[in-house]
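Engineer: need a 3D model of the following:
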Amino acid sequence: MRVGYPLARMSISDRAARVHRDSIIIDPCVQYLLQRTDRTDRAGLTAVGLTIPMPNEDGTQTIPRVRDFLRVIHDEPTFCLGDSPDAIRRAKAEGKLAHVLLSQDATFIGSDPSMLLVWKQLGLRICQLTYNEKNLLGDGCLELHDGGLSQLGRVMVREMERVGITIDLTHVGRRTFLDAAAVATRPFITSHSNPKAVIDNPRNIDDDQMRAVAASGGVVCVTTWAPLIWPGTPGMPTLDDWWRCVAYAVGLVGIDHVGISTDSMGTMGAYPRHARNPDALPYGSVTDRFDQVARPPDNNNRQPGDFNGIQDLPLLVECLCRHGVADGDIQKLLGGNLMRVFDETWRPGWLG
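Structural biologist: Okay, here's the model as predicted:
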């Protein structure tokens with residue numbers, strides 16, 4: 001059987017098809033999943049973390065986005081809200097896709113930590129402290145001077161843990177990251193960051209950061225997003241480049257602390273085209289050389305040459321099989337490890 005894009009590049013073995021079918025599969029970072037399509041059906045996902053508040057938006061800008069997120073779930077009988085680990089397990093049993101509200105920035109929360117109660121009731125379950133820029137909680141990974149976690153940031157970390165929201169340190173500056181790790185008492189994750197020791201991109205994280213995730217009991221989700229796996233040569237990277245990052249992460253922190261993600265589009269074509277803003281924080285250190293040398297066919301869905309995001313998750317499973325990963329370990333990578341973190345960090349009944 002051949003699955004995915006492009007069809008001729010990789011066959012799916014019976015073993016890979018079985019592991020894919022039987023596993024809880026969680027992609028904790030996807031953009032703009034607006035409807036059920038052949039793409040979502042081929043993915044075989046159990047749960048998907050969807051970026052809902054856009055980075056740097058405030059609460060008033062975020063409410064309509066949450067409304068639209070809930071409407072998509074309401075209007076599709078095979079979708080459901082992933083607001084508890086049990087909801088994700090039920091989704092697997094019932095053949096549904098659980099949608100988890102994730103934010104890649106905490107600006108929308110404002111300066112009042114008690115607002116986390118409101119956002120949690122609206123579905124928020126995973127929250128990054130910063131995007132690339134500085135905000136009230138700390139500095140992002142592209143700031144020139146990483147000032148570390150602010151006092152409000154320390155309070156917000158404690159409150160996220162108390163309320164029951166998983167802390168995500170993707171995009172966070174190194175000092176801010178390690179400050180947050182020192183404050184945290186529960187597992188946290190990086191939903192889409194790769195080892196800097198393999199690919200030296202400012203969006204990737206170093207060994208100390210990865211060890212901090214593992215020490216918390218958390219999970220480093222190694223993403224297929226092409227700039228973070230690209231070795232610097234002409235042409236697009238492949239799943240084998242992604243595998244190099246996975247293998248390094250597993251070797252450093254162990255199989256129980258690694259997951260997967262794609263950082264891809266849920267509904268193709270739905271991601272708005274980026275309008276150039278000369279006053280915005282430069283993102284060129286992350287993508288410019290990649291775009292010039294690798295020459296991706298779609299700058300809004302930068303994925304490996306033999307992989308096109310969520311629809312090709314069976315190919316990712318085949319890649320793991322081909323590299324000799326045991327079935328049980330593949331299941332941990334696909335979602336089992338994240339389920340452990342969600343079991344330890346979410347408190348779905350906290351408000352009754």
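Engineer: rest of the way, CA atoms for contacts and neighbours
Structural biologist: Noted.
Engineer: and the residue nearest to Arg36 when sequence neighbours are not counted, how far is that from Thr267?
Structural biologist: Excluding the flanking residues, the one nearest Arg36 by Cα to Cα, 6 or more residues apart in numbering is Glu76, at 7.4 Å. Per Cα to Cα, to the nearest Å, Glu76 is found 14 Å from Thr267.
Engineer: which one of these two has more residues nearby?
Structural biologist: When neighbours are counted by other Cα atoms under 10 Å, Thr267 comes out ahead of the other of Glu76 and Thr267, with 18 against 14.
Engineer: just confirm that one contacts Asp41, I think it does.
Structural biologist: No. Using Cα atoms under 8 Å, Thr267 makes no contact with Asp41, being 11.8 Å away.
Engineer: which residue ranges of this structure form helices?
Structural biologist: With helices called from DSSP state H, the chain shows them at 14-22, 38-43, 59-75, 85-94, 116-121, 151-163, 174-183, 207-215, 239-253, 284-293, 313-322, 327-331, 337-345.
Engineer: Serialize these to TSV and add fields for mean neighbour count and distance to Thr130.
Structural biologist: Below are these laid out as TSV (neighbours: other Cα atoms under 10 Å; distance: least, Cα to Cα, whole Å):
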stretch	mean neighbour count	distance to Thr130
helix 14-22	16	33
helix 38-43	16	29
helix 59-75	15	15
helix 85-94	18	25
helix 116-121	17	15
helix 151-163	19	10
helix 174-183	20	9
helix 207-215	19	16
helix 239-253	19	23
helix 284-293	15	16
helix 313-322	22	28
helix 327-331	17	30
helix 337-345	21	19
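Engineer: now do the same contact list for Asp58.
Structural biologist: Contact analysis of Asp58 by Cα atoms under 8 Å, 6 or more residues apart in numbering lists 107-110.
Engineer: gap between stretch 19-28 and the chain center?
Structural biologist: Remark: stretch 19-28 is offset 15 Å from the chain centroid, using Cα atoms, centre = their mean, to the nearest Å.
Engineer: okay but Ile205 is in contact with Ser193, surely?
Structural biologist: Yes. Taking contacts as Cα under 8 Å, Ile205 lies within contact range of Ser193: 6.5 Å.
Engineer: okay if I get the helices of the chain as CSV plus mean pLDDT and distance to Tyr271?
Structural biologist: Output for the helices of the chain, formatted as CSV (pLDDT from 0 to 100; distance: least, Cα to Cα, whole Å):
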stretch, mean pLDDT, distance to Tyr271
helix 14-22, 98, 27
helix 38-43, 96, 15
helix 59-75, 97, 14
helix 85-94, 98, 26
helix 116-121, 95, 24
helix 151-163, 97, 29
helix 174-183, 98, 28
helix 207-215, 98, 30
helix 239-253, 98, 23
helix 284-293, 93, 17
helix 313-322, 98, 20
helix 327-331, 98, 30
helix 337-345, 98, 26
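Engineer: want to throw these into JSON lines with distance to Thr223?
Structural biologist: Listed next are those as JSON lines, based on distance: least, Cα to Cα, whole Å:
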{"stretch": "helix 14-22", "distance to Thr223": "18"}
{"stretch": "helix 38-43", "distance to Thr223": "15"}
{"stretch": "helix 59-75", "distance to Thr223": "23"}
{"stretch": "helix 85-94", "distance to Thr223": "21"}
{"stretch": "helix 116-121", "distance to Thr223": "26"}
{"stretch": "helix 151-163", "distance to Thr223": "24"}
{"stretch": "helix 174-183", "distance to Thr223": "18"}
{"stretch": "helix 207-215", "distance to Thr223": "14"}
{"stretch": "helix 239-253", "distance to Thr223": "7"}
{"stretch": "helix 284-293", "distance to Thr223": "14"}
{"stretch": "helix 313-322", "distance to Thr223": "11"}
{"stretch": "helix 327-331", "distance to Thr223": "15"}
{"stretch": "helix 337-345", "distance to Thr223": "14"}
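Engineer: so which of those helices is nearest Gln303?
Structural biologist: Gln303 sits nearest to helix 239-253 of all these, at 9.4 Å, using Cα to Cα.
Engineer: now Leu116: how far from Thr166?
Structural biologist: Taking Cα to Cα, one finds Leu116 at 12 Å from Thr166.
Engineer: overlap in contacts of the two?
Structural biologist: Met160.
Engineer: burial of Gln128, as a residue count?
Structural biologist: For Gln128, the neighbour count with other Cα under 10 Å is 23.
Engineer: mind checking pLDDT for the nearest residue to it once chain neighbours are set aside?
Structural biologist: When the adjacent residues along the chain are set aside, Gln128 lies closest to Asp168, with 4.3 Å between them (Cα to Cα, 6+ apart). According to the prediction, Asp168 has pLDDT 98.
Engineer: Asp168 against His192, yeah?
Structural biologist: No. Using Cα under 8 Å, Asp168 is not in contact with His192, being 9.2 Å away.
Engineer: can you pull the contacts of Arg90?
Structural biologist: Applying Cα under 8 Å, 6+ apart, no residues qualify as near Arg90.
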